[in-house]
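*Asks:* below is the sequence, then the predicted model.
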Amino acid sequence: MLSTVERNFIFSTLEKCRNAGTVEHLEEIVRFFVGGFIPHKMSVCGIGNLGTTAHGQRLGFGCPPEMMEALVSISCATNNLLLPLWKRQREPMYVTISELDDSELNPEQREWKALMVQHGVRNIAMHGVIDVTAGMASLFYLGTLAEPLSAHQAEIFSMLVPHLHQVLLRIMQSNSATAAKHEEKSAQATMSAPRHGASRANWGLTRREAEILKWIYFGKTNSETARILGISELTVRNHMQNLMLKLGVGNRTQAVVKAMQNNIFSGEPSSLSI
């Protein structure tokens, strides 16, 4: 049974979701609104096409950048032991990391557990939704909860997840439309300019992703890159996640190496006017 305060807060959360369409909006909803019901320190949200195993969008809030980079290279289908359980039961899952018995885990799952322990994730609650109409599925992970997930919290989590999915879907669609516009401009510029090795268009990188990759190439941290470009560090991290997926690499070092091997930076002016 929901209290009057809880009902009003849920209505506020749903209204916030209805008007949300940016990563910053989603972060506020997950941290403040969902966090109001289920206090936690970090979260990961992922959405992807039902026909593939890749996430179209993967966002982390409060997560160490090194953890997010490692997650890009880990296949959730084989490593994350919560996902197969959720697929069978389709209800909120909860696990305390220290209680997982290594002898009952396969090597991939032990790798996933070790990554969680390495970055201080004590426990995890997760839930998701499969949207057959949109052809998309999304998953939401809350890490390091203040207390074990209660049945009451699980009920509220179930209420909120479909609305969080809609926010993620709008974000992905918006990013795809923006990327398409950038690629169209890039293709037009490529037709009228001499080629210097591989370009960002070869890899599907947007202009902003290429800018960030080049500053990383020059040894800048995410925070330094954010200050240079006048954007938030969160935005830099999200662009880094997307470009690493496009390049098919697991971390920023591999991204730079692949860019250098394919001459993505060849012929580019030092002013980074990509």
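*Replies:* All right, it came through fine.
*Asks:* residue ranges with poor pLDDT in the chain?
*Replies:* For the chain, residues meeting the criterion pLDDT under 70 lie at 50-56, 72-78, 175-203, 261-274.
*Asks:* now the helices for it?
*Replies:* For the chain, applying DSSP state H gives helices covering 4-18, 23-28, 35-37, 65-73, 76-79, 82-89, 107-118, 151-192, 200-203, 207-217, 222-229, 233-247, 252-261.
*Asks:* and the third one, what does it pack against?
*Replies:* Read it as helix 35-37. Using 3 or more Cβ pairs under 8 Å, 6 or more residues apart in numbering; DSSP states H and E, the elements in contact with helix 35-37 are helix 4-18, helix 151-192. The way it works is simple: take the backbone N, C-alpha and C, and place the C-beta from them, glycine included.
*Asks:* how about it: buried residues?
*Replies:* By neighbour count with 16 or more other Cβ atoms under 10 Å, helix 35-37 contains the buried residues 35, 37.
*Asks:* which residues does it contact?
*Replies:* With contacts defined as Cβ atoms under 8 Å, 6 or more residues apart in numbering, helix 35-37 is touched by 6, 9, 153, 156-157, 160.
*Asks:* tell me how far stretch 8-17 is from the chain's mean position?
*Replies:* Here the centre of stretch 8-17 is set off from its chain's centre by 23 Å, with Cα atoms, centre = their mean, to the nearest Å.
*Asks:* that older thread, quick one, which of the helices of the chain gets closest to residue 98.
*Replies:* helix 107-118 (8.1 Å; Cβ to Cβ).
*Asks:* put the alpha carbons of the closest one into PDB.
*Replies:* Listed next in PDB are the C-alpha coordinates belonging to helix 107-118 (Å, rounded to 0.1, in the frame of the first residue of the first chain):
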ATOM      1  CA  PRO A 107      34.400 -17.700 -15.500                       C
ATOM      2  CA  GLU A 108      32.600 -14.800 -17.300                       C
ATOM      3  CA  GLN A 109      30.400 -14.200 -14.200                       C
ATOM      4  CA  ARG A 110      33.400 -14.300 -11.900                       C
ATOM      5  CA  GLU A 111      34.900 -11.600 -14.200                       C
ATOM      6  CA  TRP A 112      31.800  -9.500 -13.800                       C
ATOM      7  CA  LYS A 113      31.800 -10.000 -10.000                       C
ATOM      8  CA  ALA A 114      35.400  -9.000  -9.800                       C
ATOM      9  CA  LEU A 115      34.700  -5.800 -11.700                       C
ATOM     10  CA  MET A 116      31.900  -4.900  -9.300                       C
ATOM     11  CA  VAL A 117      34.100  -5.600  -6.200                       C
ATOM     12  CA  GLN A 118      37.000  -3.600  -7.800                       C
END
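*Asks:* can you list the helices of the chain in a markdown table and add distance to residue 139?
*Replies:* Converted to a markdown table, those look like this (distance: least, Cβ to Cβ, whole Å):
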| stretch | distance to residue 139 |
| --- | --- |
| helix 4-18 | 17 |
| helix 23-28 | 14 |
| helix 35-37 | 18 |
| helix 65-73 | 12 |
| helix 76-79 | 8 |
| helix 82-89 | 7 |
| helix 107-118 | 14 |
| helix 151-192 | 9 |
| helix 200-203 | 26 |
| helix 207-217 | 24 |
| helix 222-229 | 24 |
| helix 233-247 | 15 |
| helix 252-261 | 24 |
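*Asks:* nearest to residue 49, out of those helices?
*Replies:* In terms of Cβ to Cβ, the element of the helices of the chain nearest to residue 49 is helix 151-192, at 9.8 Å.
*Asks:* thanks a lot, catch you later.
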